[in-house]
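Participant: What shape does this take:
(3 chains)
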Amino acid sequence: MNRDLSPVLDAVGGIVLGKQRAIRLTIACLLARGHLLIEDLPGVGKTTLAHALARALGLDFQRIQFTSDLLPADVLGVSVFERETGTFKFHPGPVFTQVVLADEVNRATPKAQSALLEAMEEHQVTIDGVTRRLPEPFFVIATQNPSHQTGTFPLPESQLDRFLMRIELGYPDAAAERALLAGSERRDLIEHLAPALDATRFTQLQQAARKVHVAPALLDYLQALIAHTRHSPDFVIGLSPRAGLSLLNAARAWAFLDDRGAVLPEDMQAVLPSVVGHRLHIASGTSRLSSDALAARLIAEVPVP
Amino acid sequence: MADRVALGDRVADWIFPARGVEHGPVLLTQRRIYIVPTRQGWLFTVTLLLMLLASINYNLGLGYVLTFLLAGLGVIGMLHTWRNLAYLEIRPGRVEPVFAGEAARFPVVVVNQAGFGRLAIGCDRADAPLAYGDIAPRDATTITVEVAAARRGWLAFGRFRLFTGYPLGLFYAWSRLEIDLQALVYPQPEAGEPALPVAADLDGDSGHRGRGADDFAGLRDYHPGDPPRHIAWKSAARSDRLHTKLFDGRVGRELLLNWNDTSSAMPLDARLSRLARWVLMADQRGFDYGLRLPARDIRPGTGAAHLHACLEALATFDSRANGGQTGAVPGAT
Amino acid sequence: MRGFEPRPLGTGRVLALLGAIAALLLPHATRIPLWISTATGVAFAVRALFAWRGYGMPPQWILAALAVASAGGIWFSYGALFGRDAAVALLILMLSLKLMELRSTRDALVLIVLGYFLAITDFLYSQTIATALYLVTCVWCITACLVAFQYRSQQPRAVPALRASAVMLAQAAPLMLVLFVLFPRVQGPLWGLPQATSSGVTGLSDSMSPGSLSNLSLSDGVAFRVDFAAPVPALGRLYWRGPVMWDFDGRTWRAGESPGAGISGIDTIGEPIRYTVTLEAHEMRWLFALDVPAQIVEGSRLTGDLQLIAGRPVRNRLRYDMSSHLDYRFGLAEDAVNLQRARRLPRGFNPRSVALADQWRSAGASPRAIVQQALSMFRQQPFFYTLVPPELGRDSVDEFLFDTRRGFCEHFASSFVVLMRAAGLPARVVTGYQGGVLNPLGDYLMVRQSEAHAWAEVWIENEGWIRVDPTAAVSPQRIEAGIAAAIPDGEPLPLLVRTGNPWLRQMRFGIDAMANGWNQWVLGYSPDRQMRLFQRVGFSDANWHNLVIALMVATGVVLGALSLVVMRRLRRSATDPLVGAWNALSRKLATASPKLARQAHEGPETYLMRAAAAFPQTREALQRICRLYADARYGPAPSPTSAKDLARLVRALHLEAGGH
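Facilitator: Coordinates of the predicted model:
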């Protein structure tokens, strides 16, 4: 385990109980400079996880509750007409922060969603013809309720690609749940959480993670995985080159978390379900598999070179 | 020649009875590959015999050299032809659904694990044009065969032959296969644009009304944070208060496409064609549409996956399983 | 057989095919009548233009008309449609017409196969090493065309096709060698008589006039080569007898009818010397042997004037064993009719010579003395041996003996015999070859056309026919050391005959040794030679049956080896020793417990965990192995010895200790 990131994991793990793997994936996602989509039922600790993580990493945190009447300006910020001076002054929106929690992102209209998604993609926003850079590092952790509810706008498939990973938290196990019930209020714990890192240090770690070695044999493996999704009838659409790159970066971050200098096939396999789950579409002819089961099948069918 | 190969196929069937569809990748091992000389191969053989006779008759030492060199070439060519097909791995590719009347494109994925390229590998399926592919060393290529899809439902690729004549064309090596390849054929959409059914099932005005930016809906007082280009400057000139223009983006118009809306006087396939056209129109116009068939109900939705689900339901619609083709939707309210 | 249906051609491929076939036909261009080569050239050019511009092919009836016209033209030119030359010409014309039908790849394949057949027709006319190299190159290109026509992708790919063709021809070469050596040979011809080759073959003829031999001497073509069983006798004793000239018309000597068999009249002394002659085709029936032959070649006969005459003209290179006695007496009891013939001279020619001879005879000299007088005349008066003698008029002998006195061997032999006949002595001219050049590289004697020679034979009572070489009187070097030494510098002697430049000389020997080997082993590999080769390698009972068995065994072995070569990269190979050692671990663990075989999708860490759970005692060793493998395979800087180390660790792993 990486020396710098181990305390972060411990700190967040102390608040979000029984979710070691999800926390690790979240950190790996942020290390790989990716955005994260958490898809789960309300109340399983999505917000807590995001908040605690920002806190432990020493990053600024803002939460935007997406609602159906949310306007793009509510996310990005507005130029307000000031009567006294007769001019417009820009008021930055909540997106101008290091960690943005976009809660229930599928409740807002596509317009509001795309405002956020463009900011995620470009790391900048353009309002009234003026381009403004977002702070670095910049992460979006979006949450989405999985069930089909009326009046929601599920993120379109093309937009899902902008998230490096999609994870599910799921219910805690019995022991964790008991600890949760017995323990104090999570919100208070976060308030008292001491940052283990700061933004500068984290940026350095991101850069170091990019340098994790990738051997030709591993690239062979990655290519074989991608080729399989393109050829196999199990998948409606194969993985795009961008998905391949995402997989590689995520695997690097995972290896870096493990304090290893080179990516192993296992790193690839560890991040694969989260990275490709929301990018793969299951063919209708086959029995309906969950995206996790599909990823497991992909791993099982492609030999490690 | 065709008879002879057909005979070859019969012999092959006798030695290896049709094993039915093979699931997963198929490796072309030695025993699965047959090889015979082509017409050109026989011509070549006869020519070699003539050359041998000429060499004997005229005592041509070099004639023998050339004759035997070419004989060796023929034998080596046979080895190379066989090798060109041997140990290829054949997998089914992903078949995109098509509409009846179009050509279904069956991708046969050919994987070459060897350290040399495979050239001019052909795929021969009855009633389909031949398709060819080249496969680089340690690479895979998809050979796509187009088969006319006449009827809706599942269209199986069936038995086919993978063959090659490369490099000399003097020999024909082939292997017969049947892999898990089938195409979903949607019903052919009705021509023209039949009127969409009246939104009888739309529950009143419950279509979601959100504030979008499509149609002007009115003015309200300006609040800090409203986008400047939405400020109604003309009204600001008239009064000293700022107004913000409101726009009404109507989203989420729902539409239910019902089997019962099609005339029961129409034949089954015509009704399905009409529904297919409706589905396409609804998708194109951005409706939230659902499909109600006897014994099958698809809730309203949008997107490619939804479209596919609807068309698949139409493609695989089985009237007998659903209580007759004129059967009304049970319990439709 | 779908897939072999006609397909359209590509322009590039058509042009390449036209080029390759045109190159194949090129050697025929000068051998066939001009109108055929022109028509063929036009056909190729037209087809190339059509391909370039994408025109359609001409209609069938035009081609049919052209085919009939071609056949008529052949009939007109050759007087026949069949027979070697006519058939070749017809084949070339039909191929040219077939070009106009070249529409699909199927037509192209027919053309290519026809091209292969045409390649062999070139060998009817020339079988030199150069021809072989040229035609193999052509076959290479044509085979590349054959490969190119199998490509299905649109892009014409010349280099891969040429490479594939070269690889396959190279792989075919061992098979060719086996078939060539072991395929049971049959002695041709199987049908008909091969036609005479067209002119251009140089060699002795059955007549001799001033200048004919000196012209022949300008050729450096090889007449025959000789392998001696024993050391080669002195060059001066090597007289290779050819046509014997009996009849003289004042200017030209003719062989005329040879006297009947007279082998009975030969007295020989000592043991014969044995040798083997490889005679080049010369379209005549003489076989050359040293005087006098002690045996005859099968199918030949020995005439009364010691000529060895074959049953039919020598059209192919011929190899025969021969033995000769160099010391002999012959013709003591010569028939009176022959002696009368050997004294005949045309009336009214060469009066001065006749007068001189009369003078010698009336002086009452013995025949020996007359011979000596003639020789001493050549020796003492200013006669010159030269390749460029002056022109001679009607009384050629007179002019040579008394005016010009410059001549080549035919001048000396001819005038000597005329003198002898005029003096009443029976005499005749013998043509043939004298001497030869010993090739030190091949250890054989080569006799070129430039060694062509003429000498005289005189019949003397109680002595028989005696060889007299008047050239030796004038130029002893010619006989002792060869023509190159005898001819003055500056005279036009063939380049390869000159001895001056040692480097040139060496090259000349090298080339001829190669040609000799080629002749002996490629062109002259006859049924007889095949059997002898077999006997030499130890098959005492070399018959057809054994040959077939040997052929099948050898072909099987070579094919097996070739299959291994062709198939070597067919299956996924674990050639990487690192992967090999890693797979060895999987095998080892699988032997201990079948469930522990590594699954295809398991990475090193996952596998380690599973294996270590089963064998907790060996956890550390397993850990070391997996770490080493992971570092070597996926790490940034693998150690060069990691494959070996890994193999060693896997070998040293003991699983029993922790078995479960």
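Participant: okay, and the helix or strand of chain B with the least pLDDT?
Facilitator: Every helix and strand in chain B was compared by mean pLDDT, DSSP states H and E; the lowest is strand B:209-221, with a mean of 49.
Participant: again but with chain C, I slipped
Facilitator: For chain C, counting by mean pLDDT, DSSP H and E, that's helix C:483-486 with a mean of 67.
Participant: A:Q124: neighbour count?
Facilitator: Neighbour count of A:Q124, defined by other Cβ atoms under 10 Å in any protein chain shown: 12. For every residue, glycine as well, the C-beta is placed using N, CA and C.
Participant: distance of it from chain B?
Facilitator: 18 Å (Cβ to the nearest Cβ, to the nearest Å).
Participant: so what's that residue bridging to?
Facilitator: Assessed by DSSP bridges, A:Q124 has beta-bridge partners A:R133.
Participant: For it, give me the pLDDT.
Facilitator: Each residue has a pLDDT score; the one for A:Q124 is 85.
Participant: is it true that it touches A:E136?
Facilitator: No: contact criterion Cβ atoms under 8 Å: A:Q124 and A:E136 do not qualify, at 10.8 Å.
Participant: if I pick C:F412, what's in contact with it?
Facilitator: C:F412 sits next to C:F378, C:F383, C:Y385, C:A454, C:P470, C:T471, C:A473, C:V474 when contact means Cβ atoms under 8 Å, 6 or more residues apart in numbering or on different chains.
Participant: what's the farthest-apart pair in those residues?
Facilitator: By the measure Cβ to Cβ, C:F383 and C:A454 form the most distant pair in those, at 15.2 Å.
Participant: Between the two, which is the more surrounded one?
Facilitator: Higher neighbour count among C:F383 and C:A454: C:A454, with 29 against 23, using other Cβ under 10 Å.
Participant: Quick check: phi and psi on the more buried one?
Facilitator: Phi and psi for C:A454, reported as degrees, to the nearest 10, are phi -140, psi 140.
Participant: What count of nearby residues applies to the closest residue in space to it that isn't next to it in sequence?
Facilitator: In this structure, C:A454 finds its nearest non-sequential neighbour in C:A413, 4.0 Å apart by Cβ to Cβ, 6 or more residues apart in numbering or on different chains. By the measure other Cβ under 10 Å, the count of residues near C:A413 is 29.
Participant: Point me to the helix or strand that includes C:A413.
Facilitator: Assigned by DSSP states H and E, C:A413 falls within helix C:409-422.
Participant: gap between that helix and the chain center?
Facilitator: 39 Å (Cα atoms, centre = their mean, to the nearest Å).
Participant: coming back round to it: output the contacting helices and strands for the helix or strand just after the least confident helix or strand of chain C.
Facilitator: For helix C:483-486, the following helix or strand on the C-terminal side (DSSP H and E) is helix C:502-518. Here helix C:502-518 touches helix C:129-148, strand C:222-228, strand C:437-439, strand C:444-448, going by 3 or more Cβ pairs under 8 Å, 6 or more residues apart in numbering or on different chains; DSSP states H and E.
Participant: The helix or strand harbouring B:G72 versus helix C:129-148: what angle between them?
Facilitator: Secondary-structure element containing B:G72, defined by DSSP H and E: helix B:61-85. Compare the direction of helix B:61-85 with that of helix C:129-148 by axes from the mean of the first three to the mean of the last three Cα atoms, to 10 degrees and you get 20 degrees.
Participant: From chain B, how far off is the closest residue to chain A within the stretch 351-500 of chain C?
Facilitator: Per Cβ to the nearest Cβ, C:L441 is where the stretch 351-500 of chain C lies closest to chain A, at 55.4 Å. With distances taken as Cβ to the nearest Cβ, C:L441 is found 21 Å from chain B.
Participant: Equivalent analysis for C:I112, please.
Facilitator: 9 Å.
Participant: who's in contact with that residue?
Facilitator: C:L17, C:I142, C:C145, C:L146, C:F149.
Participant: do the same with C:R610
Facilitator: By Cβ under 8 Å, 6+ apart, the contact list for C:R610 reads C:L596, C:E602.
Participant: is it true that it lies in a helix?
Facilitator: Yes: inclusion of C:R610 in a helix is indicated when DSSP: H, G, I helix; E, B strand; the rest coil is applied.
Participant: Name the nearest residue to C:T471, sequence neighbours excluded.
Facilitator: Using Cβ to Cβ, 6+ apart, the nearest residue to C:T471 is C:C409, at 4.4 Å.
Participant: Surely the one you found and C:H453 touch.
Facilitator: Yes: in this structure, C:C409 is within contact of C:H453 by Cβ under 8 Å, at 5.3 Å.
Participant: shared neighbours of these two, anything?
Facilitator: Residues within reach of C:C409 and of C:H453 at once, by Cβ under 8 Å, 6+ apart, are C:L213, C:T471.
Participant: still on that earlier bit, quick check: angle from the very next helix or strand once past the helix holding C:A413 to strand C:222-228?
Facilitator: Where DSSP H and E defines the elements, the next helix or strand beyond helix C:409-422 is strand C:427-434. Comparing the axes of strand C:427-434 and strand C:222-228 via the same axes, to 10 degrees yields an angle of 80 degrees.
Participant: how far is strand C:427-434 from where the chain is centred?
Facilitator: The answer for strand C:427-434 is 29 Å, by Cα atoms, centre = their mean.
Participant: residue ranges for the helices of the chain, please.
Facilitator: In the absence of a named chain, chain A is used. Counting by DSSP state H, the segments of chain A that form helices are A:6-13, A:20-31, A:46-57, A:72-76, A:110-122, A:157-160, A:174-182, A:186-191, A:199-210, A:216-231, A:241-257, A:265-276, A:291-301.
Participant: that's the wrong chain, I wanted chain B
Facilitator: Ranges of helices within chain B are B:2-15, B:39-57, B:61-85, B:233-238, B:268-284, B:304-315, based on DSSP H.
Participant: so which of those helices is the most packed in?
Facilitator: Highest mean neighbour count of the helices of chain B: helix B:61-85, a mean of 23 (counted as mean count of other Cβ atoms under 10 Å in any protein chain shown).
Participant: how near is B:S273 to B:P187?
Facilitator: 5 Å (Cβ to Cβ, to the nearest Å).
Participant: try C:L375
Facilitator: 118 Å.
Participant: Looking at these two, which is more packed in?
Facilitator: Taking other Cβ under 10 Å, C:L375 and B:P187 do not tie; B:P187 has more neighbours (26 against 17).
Participant: how near is the more buried one to B:L311?
Facilitator: Distance from B:P187 to B:L311, counting by Cβ to Cβ: 8 Å.
Participant: Equivalent analysis for C:P616, please.
Facilitator: 57 Å.
Participant: where does B:N84 land on pLDDT?
Facilitator: Value for B:N84, per-residue pLDDT: 93.
Participant: Relative to chain A, which of the helices of chain B is closest?
Facilitator: In terms of Cβ to the nearest Cβ, the element of the helices of chain B nearest to chain A is helix B:304-315, at 5.6 Å.
Participant: Which neighbouring elements make contact with the closest one?
Facilitator: So helix B:304-315, by 3+ Cβ pairs under 8 Å, 6+ apart, packs with strand B:182-186, helix B:268-284, strand B:288-293, strand B:296-301.
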